[in-house]
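# What follows is a predicted structure for the sequence shown.
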Amino acid sequence: MLREAVVEIKKKESKFIRFFKLLLKLLITAVCFWYIATKIDFSKALNALFKANWIFLFIALLFFILSKILSAFRLNIYFRNINLQLPEWINIKLYWLGMFYNLFLPGAISGDAYKVILLNRQFKIAYKKISAAVLLDRFSGILALGVILCIYGMIVLHNYKYDVLLIFSAVLAFAGFYFVIRFVFKSFLQSFFPTFFWALGVQLSQVICVYFILLSLGIPLVQHEWIFIFLMAAVISVLPISLGGGLGTRELMFAEGARFFQLDPQTGVIISLLFYLLTVIGSVGGLYFNFHDPLQNFSEKSDPMMDG
């Protein structure tokens, strides 16, 4: 089933387009790291990296994993809106595999595209409906990310003009997303507020994850600028322009953000690399489900774990 899904998606794009996309991501990632290398001493950064407190990093990893479990729960709410009934554990396994595809197979198939194809084959639900559920799930996450970003922006920027702009942007984004769902995706309207609060839980879990990364490096937690930079980097990493879900672009944002706030750019790169390391560790388990289809032998009618 998995191989068939991959083949079907690959047919939708020519070899040239896939190669060009991968080459462009490699180029952008390489350019970002080249630029960073001209601004910081990587040997000192790596030395500080190895001195990090691994207990705090382990706790950070737990919060990262928690954020992904919450993400899977949020997505399943949208699935139920289209009468796609997945037990939570099966949905988590499917989500986990999608994480692996997004991080380790950037030139082959995205995790979201994989889920759309596989669920369509299994449940015979229209591509458009499943794609809409996955797309709205992404946008609800971005909306929550934007709201938290605005809050931290008001904390660290210390400029009432920026405060007004941030508040206006948050309200506009919230209202805009609501009206799009209300008038374009009416079947998902009932899930707008539940998924938004789940999304807040996702983003706050990742913020806590970064706070523990700061603790692991001995950085005072009152330096909220690092969280603001992290959130800005998270927004940039949403764009599929580099490898591994923002590798290179996230580090560049941390380095330049640190300079803007007169912080140490090397520390910024370390924070970013540690978060990426936790992402890799948290995603690599999805490889198991590449060989063990999460939906294999699954039946809506016979599964005793079915959630309403």
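Sure thing, it's come through.

# only C-alpha atoms for contact and neighbour calcs from this point on.
Noted.

# Now do the helices in the stretch 1-150 of the chain.
Taking DSSP state H, counting those that start in this stretch, the helices of the stretch 1-150 of the chain run over residues 2-11, 15-37, 42-50, 54-81, 88-104, 111-123, 127-156.

# looking at those, which is closest to I236?
helix 127-156 (10.8 Å; CA to CA).

# So for the helix or strand that that closest one is followed by, what gets flagged as buried?
Going down the chain from helix 127-156, the next helix or strand is helix 160-183, by DSSP states H and E. Residues of helix 160-183 classed as buried: 163, 166-167, 170, 173-174, 177-178, 181 (neighbour count, 16 or more other CA atoms under 10 Å).

# Same list, the residues you listed, but as JSON lines with distance to L231 and pLDDT please.
Written out in JSON lines, the entries for the buried residues of helix 160-183 read as follows (distance: CA to CA, whole Å; pLDDT from 0 to 100):
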{"residue": "D163", "distance to L231": "16", "pLDDT": "87"}
{"residue": "L166", "distance to L231": "14", "pLDDT": "89"}
{"residue": "I167", "distance to L231": "16", "pLDDT": "90"}
{"residue": "A170", "distance to L231": "14", "pLDDT": "90"}
{"residue": "A173", "distance to L231": "16", "pLDDT": "92"}
{"residue": "F174", "distance to L231": "17", "pLDDT": "93"}
{"residue": "F177", "distance to L231": "20", "pLDDT": "93"}
{"residue": "Y178", "distance to L231": "22", "pLDDT": "94"}
{"residue": "I181", "distance to L231": "25", "pLDDT": "93"}
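
# for the residues you listed, which one is nearest I59?
A170 (30.6 Å).

# residues contacting the closest one?
If a contact means CA atoms under 8 Å, 6 or more residues apart in numbering, then A170 has 146-147, 150 as its contacts.

# Poorly predicted segments of the protein, please.
1-22, 39, 42, 105-110, 240-245, 297-308 (pLDDT under 70).

# my read: L217 touches I55, true?
No - at 11.2 Å, L217 and I55 do not qualify as touching, with contact defined as CA atoms under 8 Å.

# the more surrounded of the two?
In terms of neighbours (other CA atoms under 10 Å), L217 is the more surrounded of L217 and I55; the figures are 21 against 12.

# Not including adjacent chain positions, what is the nearest residue to that one?
In space, L217 comes closest to A52 once its chain neighbours are excluded; the distance is 5.2 Å by CA to CA, 6 or more residues apart in numbering.
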